[in-house]
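**Student:** coords below, sequence missing:
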């Protein structure tokens, strides 16, 4: 077994200790494989992680063993790793912010399988620049969560809002709405909650806003709780700590009906990028205000 391997990523060389260590034992995926994945995915991934505080989900002994979440930037990280100062209940702390491809590779070297990011950036941590709906299915019926995603897209279209969808690499989909900065988290979450309730009222057999799992039945939960200060979301192209090493993959809306939430993996995402245009390439150019959508939503919920 190789004790150390060096990878040149960006402007720095990453020393990968124990590169042959199996992080996904059943799939033969090593730490070196994870580092290579994040180095390859850096170009399309960086626009969605830059300037955002990161919570590292680390599995030093592989996904078969207990992992942990780490928010504070470790003191041993090199000086070229960017940090962002975050206010918490316990005071200020520095968290990692991925501005460079080599930072993504370094996190992978630390067995950070999934870097979870905020919905706001260092420019104004209290004002999100995107809204997210986390569609959480209660059953393995992929058709139900596909229906939920497409129904949500239609409702957002009806309100005049452009939306983007990605697989989570887990059981559901994330639907994102790029925003102009201005509203705080409470305002954004309030809008998302009202729309989710409206959808659940219209389709009570398939959709729910019930937080308690034992009350959801077989319905898809429209989760809006990630729209809050300090909450995080899995960014595009991040790997999940699940068998097969599935990857959160941006989709075109036309692909949703034929794509399972865990369809793309470390082994297949590269081929997808090589054959398809990035469906989220113009995400930032669609930043929009919720002001008009609020009025339209109020009309629909009171009519």
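**Tutor:** That came through, no problem. Please read all numbers here as calculations on a predicted model, not as lab measurements. Numbers count the residues shown, from 1 in each chain.

**Student:** Could I get the buried residue list for stretch 208-220?
**Tutor:** Buried residues in stretch 208-220, defined by neighbour count with 16 or more other CB atoms under 10 Å: 208-209, 216, 219-220. The way it works is simple: take the backbone N, C-alpha and C, and place the C-beta from them, glycine included.

**Student:** Let me see the mean pLDDT of it.
**Tutor:** The pLDDT scores in stretch 208-220 average 96.

**Student:** Any chance you could list what contacts that stretch?
**Tutor:** With contact meaning CB atoms under 8 Å, 6 or more residues apart in numbering, stretch 208-220 is reached by 135-139, 141, 144-145, 147-148, 172, 193, 196-197, 200, 204-207, 221-222, 225.

**Student:** Weed out the non-buried ones from the residues you listed.
**Tutor:** 135-138, 144-145, 147-148, 172, 196-197, 200, 206-207, 221-222.

**Student:** Tell me which of the contacts of stretch 208-220 fall in helices.
**Tutor:** 144-145, 147-148, 193, 196-197, 200 (DSSP state H).

**Student:** Please enumerate the helices of the stretch 1-150 of the chain.
**Tutor:** For the stretch 1-150 of the chain, the helices defined by DSSP state H, counting those that start in this stretch occupy 31-45, 101-109, 142-158.

**Student:** ok, so of the buried ones among the contacts of stretch 208-220, who is nearest residue 103?
**Tutor:** Checking those against residue 103 by CB to CB gives residue 172 as the nearest, at 27.8 Å.

**Student:** quick one, what contacts the closest residue to that closest one other than its chain neighbours?
**Tutor:** Setting aside the residues directly before and after it, residue 172 is nearest to residue 135 in space (CB to CB, 6 or more residues apart in numbering), at 4.4 Å. Neighbouring residues of residue 135 by CB under 8 Å, 6+ apart: 145, 148-149, 152, 172-175, 220-223.

**Student:** try 6 Å
**Tutor:** Applying CB atoms under 6 Å, 6 or more residues apart in numbering, one finds that residue 135 lies in contact with 145, 148-149, 172-173, 220.

**Student:** related to what we said a few turns ago, among the helices of the stretch 1-150 of the chain, show me which one is buried the most.
**Tutor:** Ranked by mean neighbour count, the helices of the stretch 1-150 of the chain are led by helix 101-109 with a mean of 25 (mean count of other CB atoms under 10 Å).

**Student:** what does it contact?
**Tutor:** Here helix 101-109 has contacts from 9-10, 12, 14, 16, 34-35, 38-39, 42, 81, 98, 115, using CB under 6 Å, 6+ apart.

**Student:** residue contacts, the residue nearest to the spatial centre of the chain?
**Tutor:** For the chain, the residue nearest the mean C-alpha position is residue 234 (2.0 Å; CA atoms, centre = their mean). By CB under 6 Å, 6+ apart, the residues touching residue 234 are residue 248.

**Student:** Many thanks, have a good one.
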